[in-house]
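**Q** give me a 3D structure for the following:
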Amino acid sequence: MDLQLKEKVVIVTGGAKGIGASIVRACGQEGAIPVIVGRGVEAAEQLQSELHRSGVISHFISAELAEPENCAKAMDETIRTFGRIDAVVNNAGRNDGIGLERGNPERFLGSLKSNLVHYYAMAHYALPYLKRTRGSIVNIGSKVAVTGQGNTSGYAASKGGILGLTREWAAELLPYSIRVNCVLPAEVMTPLYESWLKTFPNPEEKLKTILSKIPLEKRMTKGEEIAAMVLFLISPQSAHTTGQILYVDGGYVHLDRALT
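**A** Just a heads-up that it's a prediction; the model follows:
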């Protein structure tokens with residue numbers, strides 16, 4: 001299937017590592033121009049070098065996304081460099097463990113700023129350019145929004161907010177033919193996930209326990225599998241898909257627990 005993404009400019013926040021890097025690589029493979037926005041300078045430079053060797057044009061914008069003005073600057077730089085924006089993939093964020101008992105209101109607000117507010121800011125500042133291209137927005141969510149996890153109120157509230165914003169923006173942007181969807185992963189082996197596993201006394205045993213609860217093939221979802229769904233959603237091939245929450249999770253969230 002030709003996704004018709006050649007030379008389309010796709011902004012990916014948190015695109016230097018993990019799921020974001022998988023999305024960036026997939027963009028390059030389809031002939032799109034990925035714009036990586038985030039803090040990971042060294043990782044971004046390594047990824048760009050890899051892309052360059054494959055003949056892929058890319059761009060990196062170093063930005064602390066928790067500050068909304070940096071989101072505006074990222075749009076301005078993208079337009080100065082490429083003259084257009086065809087899609088925004090909001091991906092940056094981390095499960096920061098700001099809980100109800102172990103946190104406080106100030107840290108909770110900080111978590112929202114780090115995990116939710118920049119989704120709004122990026123979409124807001126991209127909107128004038130997305131109107132021109134009839135572009136699209138894909139938000140990356142998390143199972144935590146619908147299952148809970150414990151001791152991570154800030155992250156759960158942020159990811160829950162992302163689900164609400166996906167449907168709200170899809171409704172608001174109908175007059176401009178701008179589509180908005182959300183991809184919701186569950187268990188994906190990213191650098192942050194690996195770091196979390198290492199906090200347990202026996203990481204290998206913990207991983208086995210997690211894998212045993214994933215219905216389809218008892219394995220983690222691959223970053224490339226998330227990326228494939230994202231690229232379909234930003235492509236003209238999904239021209240009549242909007243306001244959807246797509247679970248790419250091997251059945252983790254919805255299938256009967258009796259299966260595991």
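**Q** who are the contact partners of the residue nearest to the spatial centre of the chain?
**A** The centroid of the chain falls nearest to residue 91 when counting by CA atoms, centre = their mean (2.3 Å). Applying CB atoms under 8 Å, 6 or more residues apart in numbering, we find residue 91 in contact with 12, 13, 14, 15, 19, 20, 23, 140. Every residue, glycine included, has its C-beta placed from N, CA and C.
**Q** quick one: list the elements packing against the lowest-mean-pLDDT helix or strand in the chain.
**A** Within the chain, no helix or strand scores below helix 191-197, which has a mean of 91 by mean pLDDT, DSSP states H and E. Applying 3 or more CB pairs under 8 Å, 6 or more residues apart in numbering; DSSP states H and E, we find helix 191-197 packed against helix 18-29, helix 203-211.
**Q** contact partners of the first one?
**A** Pointing back at helix 18-29 there. 5, 10, 12-16, 33-34, 36, 38, 43, 47, 50-51, 54, 56, 58, 89, 91-92, 140, 185, 188, 190-193, 222-224, 226-228, 230-231.
**Q** among these, which ones are in helices?
**A** 43, 47, 50-51, 191-193, 223-224, 226-228, 230-231 (DSSP state H).
**Q** neighbour-wise, which of those leads?
**A** Within the ones in helices among the contacts of helix 18-29, most neighbours by other CB atoms under 10 Å means residue 230, with 28 neighbours.
**Q** and residue 103, how far is that from residue 145?
**A** 18 Å (CB to CB, to the nearest Å).
**Q** with residue 54 instead?
**A** Taken as CB to CB, the span from residue 54 to residue 145 is 35 Å.
**Q** of those two, who's got more company?
**A** residue 145 (22 against 9).
**Q** can you give me how far stretch 127-146 is from the chain middle?
**A** 9 Å (CA atoms, centre = their mean, to the nearest Å).
**Q** got it, and stretch 187-199?
**A** A distance of 16 Å separates the centroid of the chain from that of stretch 187-199, by CA atoms, centre = their mean.
**Q** could you do stretch 163-177 as well?
**A** That offset, for stretch 163-177, works out to 17 Å (CA atoms, centre = their mean).
**Q** buried residues of it, list them for me.
**A** For stretch 163-177, the neighbour count (16 or more other CB atoms under 10 Å) marks 163, 165, 166, 167, 169, 170, 173 as buried.
**Q** cool, stretch 149-165 as well?
**A** 152-163, 165.
**Q** which residues sit against the least confident helix or strand of the chain?
**A** 17, 18, 94, 95, 187, 203, 206, 207.
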